[in-house]
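Trainee: all I have is the shape, not the residue letters:
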């Protein structure tokens, strides 16, 4: 069961969470609209035993599925792809039909950011030839590593040695993918925040304390304070599902 606390308190079925949602198109001449989707412990940790799956429950999984039904592309760092065992985002027949009914391609594209090219060719993310991931990389990347995946990925070399937020979102916009769901990890999230390209945040706050040296959902060397406006709050089995927009 799901409780909506804000706006308009109500009791809902879990399947109603973010039902029918489509991410906004960019405004004010921006190349893309970027929504961040993350799960965090109550003390800010991004993972348990190295994996985010140790935090969120059924509602968090539903939120992620619905957000992947609402975007043009999921953006993720190479380290998260390796650590979390990413697979192609083909989705269920139901989700594909729902996306198509709202004018979206049946499955979102997956865009992987890597400055080094460290994406072994045997990763499961490359297993569906019908849904090859985009790889956004730099001239400084390992050419042999990129050559090993060139027949199973769409590679775009878009920077010399550092991929900043402006390069990333401009590339995705030019590829016709303006609705971006950023799925982490923390360093990629920092790049997007520092570049001023996080437009809204979908965050699951799990009723768990982790402690230790685990990274927060956004981690980097510089503080970038950004004010947010709370849009909605749902609760399920202790998980709080929060939606914010940038002011």
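Mentor: Now that the structure is in, tell me what you want to look at. These numbers were taken from a predicted model, which means no experiment stands behind them. Residues are numbered from 1 along each chain as shown.

Trainee: quick one, helices of the protein?
Mentor: In the chain, the segments counted as helices under DSSP state H are 58-67, 78-84, 93-101, 143-149, 165-174, 186-194.

Trainee: so how far is the first one off the chain centroid?
Mentor: What it means is helix 58-67. Helix 58-67 sits 12 Å away from the centroid of its parent chain (C-alpha atoms, centre = their mean, to the nearest Å).

Trainee: which parts of it count as buried, going by neighbours?
Mentor: Within helix 58-67, the residues scored as buried using 16 or more other C-beta atoms under 10 Å are 59-60, 62-67. No exception for glycine: its C-beta is placed from N, CA and C like everyone else's.

Trainee: repeat that for stretch 191-202.
Mentor: Result for stretch 191-202 [16+ other C-beta under 10 Å]: buried residues 191-195, 197-202.

Trainee: which ones are touching residue 146?
Mentor: By C-beta atoms under 8 Å, 6 or more residues apart in numbering, the contact set of residue 146 is 117, 135, 137, 155.

Trainee: of those residues, closest to residue 223?
Mentor: Comparing the contacts of residue 146 against residue 223 with C-beta to C-beta places residue 137 closest, at 27.9 Å.

Trainee: relative to residue 26, how far out is the closest residue to residue 64 other than its chain neighbours?
Mentor: Leaving aside its chain neighbours, residue 64 sits nearest to residue 37 (6.3 Å; criterion: C-beta to C-beta, 6 or more residues apart in numbering). The gap separating residue 37 from residue 26 is 17 Å, by C-beta to C-beta, to the nearest Å.

Trainee: between the two, which one's more packed in?
Mentor: Using other C-beta atoms under 10 Å as the criterion, residue 37 and residue 26 rank with residue 37 on top: 22 against 18.

Trainee: quote the end-to-end distance of stretch 40-57.
Mentor: Taking C-alpha to C-alpha, to the nearest Å as the measure, stretch 40-57 stretches 12 Å from start to finish.

Trainee: would you mark the buried spots in it?
Mentor: So stretch 40-57, judged by 16+ other C-beta under 10 Å, has buried residues 40-41, 45-48, 52, 55-56.

Trainee: the residue nearest to residue 91 when sequence neighbours are not counted: neighbouring residues, count only.
Mentor: Closest residue to residue 91 apart from its sequence neighbours, by C-beta to C-beta, 6+ apart: residue 107 at 5.3 Å. For residue 107, the number of neighbouring residues by other C-beta under 10 Å comes to 20.

Trainee: how about the contacts made by residue 107?
Mentor: Counting by C-beta under 8 Å, 6+ apart, residue 107 has contacts 88-91, 96, 99, 131.

Trainee: just the pLDDT for it.
Mentor: As predicted, residue 107 sits at a pLDDT of 96.

Trainee: over to residue 162?
Mentor: 88.

Trainee: go on, the one 5 residues further on?
Mentor: Taken from the predicted model, the pLDDT recorded for residue 167 is 97.

Trainee: what does residue 52 give?
Mentor: Predicted confidence (pLDDT) for residue 52: 69.
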